[in-house]
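**Student:** Would you be able to build a 3D model of this:
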Amino acid sequence: MLAVLIATLVTLSSLWYSSKVPVDAYLVLGGSIRREMYVAELASQNSLTTPILISTGSSAPCIRLLFEQAEASLEQVWLVI
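**Tutor:** Predicted coordinates:
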């Protein structure tokens, strides 16, 4: 029981520390265009320079249109097929 408590505390402290550090990249898993719309809006609002990896979601022309509509740069967007 004590080992489980210690492991939980270590995990929670690690998660807390990780939440304070900037992310290295955004990973958008395919399956919903809403995720791609969300990251396009995020990119336009924050002028992101962080890489965005989109995995087997919408087709490339559709993603291009989403980012253009959100007035976000496509320079940091990588499509992973």
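**Student:** pLDDT wise, what is the residue lying closest to Gln76 once chain neighbours are set aside at?
**Tutor:** Excluding the flanking residues, the one nearest Gln76 by C-beta to C-beta, 6 or more residues apart in numbering is Pro51, at 5.1 Å. Any C-beta I mention is one placed from the backbone N, CA and C, and that applies to glycine too. We have a pLDDT of 89 for Pro51.
**Student:** so how many other residues sit close to Pro51?
**Tutor:** The burial count assigned to Pro51 is 14, neighbours taken as other C-beta atoms under 10 Å.
**Student:** close enough to count as contact, it and Trp78?
**Tutor:** Yes: using C-beta atoms under 8 Å, Pro51 is in contact with Trp78, at 6.3 Å.
**Student:** Work out which residue lies at the spatial centre of the protein.
**Tutor:** In the chain, the residue lying closest to the centroid (C-alpha atoms, centre = their mean) is Tyr26, at 2.7 Å.
**Student:** Next, that residue: phi, psi?
**Tutor:** phi -100, psi 130 (degrees, to the nearest 10).
**Student:** after the longest helix belonging to the chain, next one along is what?
**Tutor:** Criterion DSSP state H: the longest helix present in the chain is helix 2-19. For helix 2-19, the following helix or strand on the C-terminal side (DSSP states H and E) is strand 26-29.
**Student:** Go through that next one and flag the buried ones.
**Tutor:** Residues of strand 26-29 classed as buried by neighbour count (16 or more other C-beta atoms under 10 Å): Tyr26, Val28.
**Student:** That one: how far from the chain's middle?
**Tutor:** Strand 26-29 sits 4 Å away from the centroid of its parent chain (C-alpha atoms, centre = their mean, to the nearest Å).
**Student:** Which neighbouring elements make contact with that strand?
**Tutor:** With contacts taken as 3 or more C-beta pairs under 8 Å, 6 or more residues apart in numbering; DSSP states H and E, strand 26-29 sits against helix 33-46, strand 52-55.
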